[in-house]
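Participant: okay, predicted coordinates and the sequence, questions at the end:
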Amino acid sequence: MEYSDIEKKWSRISLAADENYSSLQLAADISVRLLIAYDRKMKRCLILSMLNAESLDFVNNLREHISFQYFDQSGHVIVTLIDDRFREQFNAFIYSAYLNLKPITIVKDAALILAKTYHKWSDFFSEIIISSLSTEEVMGLWGELFYLKRKMDNTKAELLNDHLKCWVGPFGKTHDFEFPDSDTEIKTKVEEISYVNISSEFQLDTVNGKPLLLHVISVNKNTYYGITLGIIVRDIYEMISSKLGDVSLFLKALSRAGLPWQDIDKYNEHSFSVRVETTYDCLNTRFPKIIRANLASEISNVKYRLNLDSLSDFITDKVKH
């Protein structure tokens, strides 16, 4: 089953007027009985049916927008979406639960894993008031996500979470990505522009002497083949889920970057297609940059444009798309 299949399955549920829940088996390739259902109030639910009561030390978790309940007499764990505005998150949660439960054959183990999955996801079902992103911020975030996806494409499953933790820009770190052996700063610009904006005297400065790369992504805007933020976020989510990575790492970073899950389609009028990726070595002593060590103490909050036309000597990699 693919993530995109889940929304279609909701329309296949036959409503039964005399039943508390109208349900449908989520997938045929899973051993435990996992159902999607509508309750009598037409609220969407995910149900793990254990057929027999199990002794489980569960505490029901009732939140404003989602709830987790264990009915020990009937042997059912039921996660209910209370607020319909969070449908997309709920589908994503269901897909993560499905992948986590797919190899499980013991129903009690499945209940414990479902509870753990719910508690990882529950914080993402909340109202987050965030200012709208500007067009430049949308393009910048798109570039970081494009780079993240490229990094993860060939990453082994056991290393995926480590790569996700390297995306630190949303958490106020100096550079967008911090890898064990180097840092990378991402700049995204339209192809016709020959410069990038540097927002501080720290952005092209090294941290702890590590190599620093400036990775410039040149894009075309709103083309027929363009990709939106919503598309690239879903692609990354499906990749993480399919490799059983920790989706919460990605969702936390995304929210800190100003794009909570419920807003991933908010900026769909903007789409981008990559033309060229160029990487520059900022550690070279001749590389032109303004850094804190070279400034008088009275100077701060430096912002400047870096002209790329004369930086060919510092290019370490260039990929045309």
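Facilitator: Cool, got the structure. Note that the structure is a prediction, hence the values are computed from the model and not measured.

Participant: quick one: residue 261 from residue 314, how far?
Facilitator: 38 Å (C-beta to C-beta, to the nearest Å). The way it works is simple: take the backbone N, C-alpha and C, and place the C-beta from them, glycine included.

Participant: more neighbours: these two, which one.
Facilitator: Legend: neighbour count by other C-beta atoms under 10 Å for residue 261 and residue 314, higher for residue 261 (21 against 18).

Participant: residue contacts, that one?
Facilitator: By C-beta atoms under 8 Å, 6 or more residues apart in numbering, the contact set of residue 261 is 88-89, 92, 124, 233, 251, 254-255.

Participant: looking at those residues, which is nearest residue 5?
Facilitator: Proximity of these to residue 5 (C-beta to C-beta) peaks at residue 92, which lies at 12.8 Å.

Participant: ok, the closest one - contacts?
Facilitator: Here residue 92 is in contact with 3, 121, 237, 247, 261 (C-beta under 8 Å, 6+ apart).

Participant: what's the closest non-adjacent residue to the second one?
Facilitator: Looking back up the chat, that one is residue 121. residue 93 (4.6 Å; C-beta to C-beta, 6 or more residues apart in numbering).

Participant: next secondary structure after the worst-scoring helix or strand of the chain on mean pLDDT?
Facilitator: None of the helices or strands of the chain scores lower by mean pLDDT, DSSP states H and E than strand 61-62, at a mean of 87. The helix or strand immediately downstream of strand 61-62 is strand 66-71, counting by DSSP states H and E.

Participant: still on that earlier bit, and the least confident helix or strand of the chain, what does it pack onto?
Facilitator: Using 3 or more C-beta pairs under 8 Å, 6 or more residues apart in numbering; DSSP states H and E, the elements in contact with strand 61-62 are strand 66-71.

Participant: need the residues that contact the strand it packs on.
Facilitator: Here strand 66-71 has contacts from 56, 58, 60-62, 76-83, 86, 90, 111, 115, 118-119, 122, 125, using C-beta under 8 Å, 6+ apart.

Participant: who does the next helix or strand after it pair up with?
Facilitator: Sequence order places strand 76-81 as the next helix or strand after strand 66-71, per DSSP H and E. Take DSSP bridges as the rule and strand 76-81 pairs in its sheet with strand 44-49 (antiparallel), strand 66-71 (antiparallel).

Participant: looking at those, which one is packed in the most?
Facilitator: Counting by mean count of other C-beta atoms under 10 Å, strand 44-49 has the highest mean neighbour count of those, with a mean of 22.

Participant: rounded mean pLDDT for it, please.
Facilitator: Taken as a whole, strand 44-49 has a mean pLDDT of 96.

Participant: ok, and what's touching that strand?
Facilitator: Outside strand 44-49, the residues that touch it by C-beta under 8 Å, 6+ apart are 10, 21, 23, 26, 32-39, 75-81, 84, 87, 90, 93-94, 97, 101, 107, 110-111, 114.

Participant: go on, stretch 152-166?
Facilitator: Against stretch 152-166 from outside (C-beta under 8 Å, 6+ apart): 148, 151, 177-179, 236, 239-240, 243-246, 249-250, 253.

Participant: just how off-centre is it within its chain?
Facilitator: How far stretch 152-166 lies from its chain's middle: 13 Å, per C-alpha atoms, centre = their mean, to the nearest Å.

Participant: gap between the two ends of it?
Facilitator: With C-alpha to C-alpha, to the nearest Å as the measure, the ends of stretch 152-166 fall 11 Å from one another.

Participant: in that stretch, what counts as buried?
Facilitator: 152, 155, 160-161, 163-164, 166 (16 or more other C-beta atoms under 10 Å).

Participant: of those, which is the nearest to residue 223?
Facilitator: Nearest member of these to residue 223, counting by C-beta to C-beta, is residue 152, at 24.2 Å.

Participant: quick check: the closest residue to residue 194 other than its chain neighbours vs residue 278, distance?
Facilitator: Closest residue to residue 194 apart from its sequence neighbours, by C-beta to C-beta, 6+ apart: residue 309 at 5.1 Å. In this view, residue 309 and residue 278 are 12 Å apart by C-beta to C-beta.

Participant: please apply the same query to residue 171.
Facilitator: Distance of residue 171 to residue 278, given as C-beta to C-beta: 26 Å.

Participant: residue 268 too?
Facilitator: 28 Å.

Participant: neighbour-wise, which of those two wins?
Facilitator: Ranked by neighbour count (other C-beta under 10 Å), residue 268 and residue 278 place residue 278 first, with 20 against 11.

Participant: make sure I have this right: the more buried one is in a helix.
Facilitator: No - using DSSP: H, G, I helix; E, B strand; the rest coil, the assignment for residue 278 is strand, not a helix.

Participant: mind checking pLDDT for it?
Facilitator: pLDDT for residue 278: 98.

Participant: for residue 219, what are its contacts?
Facilitator: 139, 142-143, 188-191, 272-275 are the contacts of residue 219 under C-beta under 8 Å, 6+ apart.
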